[in-house]
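1. Sequence and computational prediction follow.
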Amino acid sequence: MVISPQIQRTAREPEDQQPLAMEHLYDRGNEVAGRYGLAFTVPEEVQRIYRGFGLDLAKANGDDSWTLPMPARFVIDRDGVIQSSDVDPDYTRRTEPSATIAVLQSLAR
C-alpha cells in the first residue's frame, strides 16, 4: 500500500508512467504523515525554486499547505507489529527494495 499526498502527477513525472500495482491511499494535507512526525513544510525559498522548475506542489497535492512527507517505508505484519522501517529526511538515501522484499518473504514463511 502507498500513502501519498499527491492527487495528480507533477510536471516532472512522465505521462506514460505506469500506475502503481498496489493500493494507493490519499493523505490530504499530509495529516497521517504529520501524526507520525514525517511531514514538513517546504521553506518559502524552496517553494520559489520549485515553482521556477514548473513544479506546483499545491496543485499536485490539492491543497496549499506546501507540505511533503519524508520518504518512509514500513513493513507491518498481520498483528500490526512493525517488522521493518526505513525513514530518512534525505530522499536520496533509501533502503534497497531487495531488503524490504527479504523482510516480506521472511513473514510469509
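-> Good, I have the coordinates. Residues are numbered from 1 along each chain as shown.
2. low-confidence ranges in this protein?
-> Within the chain, the ranges that satisfy pLDDT under 70 run 8-20.
3. Domain ranges for it, per the record?
-> Domain assignment for the chain, taken from automatic domain parsing, gives 1-70, 71-109.
4. any chance of those domains in CSV, plus mean neighbour count?
-> C-beta: built from backbone N, CA, C; applies to glycine. Conversion of the domains of the chain to CSV gives the following (neighbours: other Cβ atoms under 10 Å):
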stretch, mean neighbour count
domain 1-70, 13
domain 71-109, 11
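5. Surely Pro71 is in contact with Asp88?
-> Yes. At 6.8 Å, Pro71 and Asp88 qualify as touching, with contact defined as Cβ atoms under 8 Å.
6. list residues touching both of these two?
-> Listed as contacting both Pro71 and Asp88 by Cβ atoms under 8 Å, 6 or more residues apart in numbering are Arg94.
7. longest single helix anywhere in the protein?
-> Ranked by residue count, the top helix of the chain under DSSP state H comes out as helix 97-107.
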